[in-house]
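>>> Build me a structure from this.
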Amino acid sequence: MSAKGPRWVAQQVGAKTYVTGVACKRGHLSERVTDTGTCIVCRKEKEQERYAANPEPFRKIALKYSRANREMLAEKARTNRANETAEQRQLRLEKSRKRAVEWRVANPQHENTKAVKQRWKIENPGKVNAHGAKRRAALLQRTPHWLTEDDIWLIEQAYELASLRSKMLGFSWHVDHIYPLQGKTVSGLHTPLNLQVIPWLDNIRKANRLVERK
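Model prediction:
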């Protein structure tokens, strides 16, 4: 709740912020914090200036907070995405793509950049082939013999959908096994009902685990 009037009024009614209708030193007519009398916009601008001058401490605080509140933040993100409009979703994806491009430009030698990964594959063909062979063997072992032609077609459609989304949205989509093929506690089959097309980042985070659906 924000109070209207001078600071002492806000203190009496227990409001965290107040609005005086008088501009601050920087010309803002925004709310002010009752405890300090600070203009909220001024405080935000000063924080932005401090971040621009030395972003590392802010990043460490944000990382520590995100690790400590991972489940809460994930649930909040899922709720926001479920309620967002088509325009909001498009804006979010555009911002995400912009941040990804800026990060790749600023970190060209990072191990997660596409160029570095591609160079590693060229320099380590044996490891790449071994990984591919292991993956194909796992698929064969977990592909049931009773799959019909329709089932095979649906599996192919999942991979085509992942390719189409990657081209349309500008970032990679993967075909994921809901029940992992080689999970530690449970293993699934390579069947249409066990496949889902999800963003690459979600697939990387999921790794070789079963994530319960809500």
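
>>> right, and the helix or strand after the helix or strand of the chain with the lowest mean pLDDT?
Between all helices and strands in the chain, the lowest mean by mean pLDDT, DSSP states H and E belongs to helix 125-141, at a mean of 73. On the C-terminal side of helix 125-141, the closest following helix or strand by DSSP states H and E is helix 149-169.

>>> and that following helix, C-alpha only, in CSV?
Provided in CSV are the C-alpha atoms of helix 149-169 (Å, rounded to 0.1, in the frame of the first residue of the first chain):
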residue,chain,number,x,y,z
GLU,A,149,4.3,-48.2,-39.6
ASP,A,150,2.2,-45.5,-38.0
ASP,A,151,4.3,-45.5,-34.9
ILE,A,152,7.5,-45.1,-37.0
TRP,A,153,5.8,-42.2,-38.9
LEU,A,154,4.9,-40.5,-35.7
ILE,A,155,8.5,-40.8,-34.5
GLU,A,156,9.7,-39.2,-37.7
GLN,A,157,7.2,-36.4,-37.3
ALA,A,158,8.5,-35.6,-33.9
TYR,A,159,12.0,-35.0,-35.3
GLU,A,160,10.6,-33.0,-38.2
LEU,A,161,8.7,-30.9,-35.8
ALA,A,162,11.9,-30.2,-33.8
SER,A,163,13.6,-29.2,-37.0
LEU,A,164,10.7,-26.9,-38.1
ARG,A,165,10.5,-25.2,-34.7
SER,A,166,14.3,-24.6,-34.7
LYS,A,167,14.1,-22.9,-38.1
MET,A,168,10.9,-20.8,-37.3
LEU,A,169,11.9,-19.7,-33.8
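
>>> Run a quick neighbour tally on Pro6.
By other Cβ atoms under 10 Å, 13 other residues sit near Pro6. C-betas here are computed from N, CA, C, even on glycine.

>>> My understanding was that it contacts Thr20; is that so?
Yes - with contacts defined as Cβ atoms under 8 Å, Pro6 counts as touching Thr20 at a distance of 6.1 Å.

>>> Just confirm His174 is within a strand.
Yes - looking at His174 with DSSP: H, G, I helix; E, B strand; the rest coil, it is inside a strand.

>>> quick one, what contacts it?
162, 197-200, 203 (Cβ atoms under 8 Å, 6 or more residues apart in numbering).
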